[in-house]
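Visitor: Quick one, what's the 3D model for this:
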Amino acid sequence: MSMKSSLRVYVLAAASSVALVAVMVTLSTRTVQAYARLPRPAATMSAAPPVASPTPAALAPQQTAVKRGDRLRGLASWYGGVFNGRHTASGERFDMNAMTACHPTLPFGSVVRVVNRINKRSVIVRITDRGDLVDQGRIIDLSYGAAQKLAMTRAGLASVDLEVISLGRKSSNN
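Guide: A predicted model of the protein is given here:
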């Protein structure tokens, strides 16, 4: 074999190896964008009285509670899949296609309008679950169905505005 043909064989073998490794890494890597670490963006939009931090009221009694009409701004994520059919913190079964959401402090049954700030799509959801969203810099975790309506399932996260339409019941398990 000549030097020129040997070099072609080596180049072809190297390129094939690189392509094979790239395919294997792509297929074996599972992307879960909804749990990406981002800075804490939660801030109020209006000149309304200060809004409670996402810390549960029991841990921050000096904070003012969120009330009807309050507006919040921050990041939303979504969840579904493995949680579908499981019990939520409120006790009801999670339906990933329902218009529901997880919020760290709003009472169960609260109704919130969520607006995707990029495409202006909106959805109204009911709070049925709890979660530690603060550490990930998020203010709400939407069901898959709600996230689809906002066209954010592919990205996993979206910058949103929240408006509290009504507050749910206060109970001992909130």
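
Visitor: for the chain, what spans make up the strands?
Guide: 43-44, 71-79, 100-102, 111-116, 122-129, 138-143, 157-166 (DSSP state E).

Visitor: Which of these sits closest to M3?
Guide: strand 157-166 (53.3 Å; Cβ to Cβ). C-betas here are computed from N, CA, C, even on glycine.

Visitor: picking up where we left off before, take the strands of the chain and lay them out in CSV including mean pLDDT and distance to S16.
Guide: Below are these laid out as CSV (pLDDT from 0 to 100; distance: least, Cβ to Cβ, whole Å):
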stretch, mean pLDDT, distance to S16
strand 43-44, 46, 51
strand 71-79, 85, 39
strand 100-102, 89, 46
strand 111-116, 92, 43
strand 122-129, 91, 47
strand 138-143, 88, 42
strand 157-166, 88, 37
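
Visitor: ok, the residue nearest to the spatial centre of the chain - contacts?
Guide: Residue closest to the mean C-alpha point of the chain, counted by Cα atoms, centre = their mean, is S77 at 1.0 Å. For S77, the contact set (Cβ atoms under 8 Å, 6 or more residues apart in numbering) comprises 34-35, 133, 136, 138, 140-142, 156-157.

Visitor: most packed of the strands of the chain?
Guide: Highest mean neighbour count of the strands of the chain: strand 138-143, a mean of 27 (counted as mean count of other Cβ atoms under 10 Å).

Visitor: now that strand: how far from the chain's centre is it?
Guide: Distance, stretch centre to chain centre, for strand 138-143: 4 Å (Cα atoms, centre = their mean, to the nearest Å).

Visitor: okay, now the domains of this structure?
Guide: 1-30, 35-166 (automatic domain parsing).

Visitor: most neighbours per residue, which of those?
Guide: domain 35-166 (a mean of 17).

Visitor: Helices of the protein, start to end?
Guide: 3-28, 144-149 (DSSP state H).

Visitor: helices or strands up against the last one?
Guide: Other elements packing on helix 144-149 under the criterion 3 or more Cβ pairs under 8 Å, 6 or more residues apart in numbering; DSSP states H and E are strand 71-79, strand 122-129.

Visitor: could you redo the ones you listed as TSV and give each row distance to V111?
Guide: As requested, the helices and strands packed on helix 144-149 are arranged in TSV below (distance: least, Cβ to Cβ, whole Å):
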stretch	distance to V111
strand 71-79	14
strand 122-129	6
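
Visitor: Out of the ones you listed, flag the one nearest S166.
Guide: Comparing these by Cβ to Cβ, strand 122-129 comes nearest, at 9.5 Å.

Visitor: tell me which helix or strand of this structure sits lowest on mean pLDDT?
Guide: The helix or strand of the chain with the poorest confidence is strand 43-44; it has a mean of 46 (mean pLDDT, DSSP states H and E).
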